[in-house]
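# What shape does this take:
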Amino acid sequence: MAAGEKPLNEVQFLTVAEVATVMRVSKMTVYRLVHSGHLPAIRVGRSFRVPEQAVHDYLRESYVGVETA
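Below is the predicted model:
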């Protein structure tokens, strides 16, 4: 286990629909992010589960701040 990582039994996983709600995007956008590798996920049967922290990390890294002049 890498430094700073939680054990799997402590990781909260979200469904694609829950991720879409948090990010305020469509489920198709979430699927595209997962398939492109931008958002890590695990496959459970025919569905995906995304670690909650990965969603927050993705949003934090994607944030575009507005610079004031």
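
# The residue nearest the centre of the chain: helix or strand, and which one exactly?
The C-alpha lying nearest the average C-alpha coordinate of the chain belongs to residue 55 (C-alpha atoms, centre = their mean; 2.9 Å). Remark: residue 55 resides in helix 52-62, with elements defined by DSSP states H and E.

# Which positions within that helix qualify as buried?
54, 55, 58 (16 or more other C-beta atoms under 10 Å). Glycine gets a C-beta too; all of them are placed from N, C-alpha and C.

# hmm, back to that, my guess is the residue nearest to the centre of the chain contacts residue 23, does it?
Yes. Contact criterion C-beta atoms under 8 Å: residue 55 and residue 23 qualify, at 6.8 Å.

# Could you tell me how many residues sit around residue 16?
21 (other C-beta atoms under 10 Å).

# Mind pulling the model confidence for it?
With respect to pLDDT, residue 16 scores 98.

# Look up how far residue 54 lies from it.
13 Å (C-beta to C-beta, to the nearest Å).

# again with residue 14
From residue 14 to residue 54 the distance is 9 Å (C-beta to C-beta).

# Quick check: phi and psi at residue 39.
Note on residue 39: its backbone torsions stand at phi -130, psi 110 [degrees, to the nearest 10].

# To clarify, my last question referred to residue 10.
The phi/psi pair for residue 10 (degrees, to the nearest 10) is phi -110, psi -10.

# okay, now it: neighbour count?
Counted with other C-beta under 10 Å, residue 10 comes out at 7.

# before we move on, what about residue 37?
8.

# now do residue 19
Count around residue 19 with other C-beta under 10 Å applied: 27.

# The one 10 residues further on now?
When counting by other C-beta under 10 Å, one arrives at 15 neighbours for residue 29.

# Which element, helix or strand, includes it?
Counting by DSSP H and E, residue 29 is found in helix 27-36.

# next helix or strand past that helix?
strand 42-44.

# In this structure, where is pLDDT below threshold?
Low-confidence regions of the chain, defined by pLDDT under 70, span residues 1-5, 66-69.
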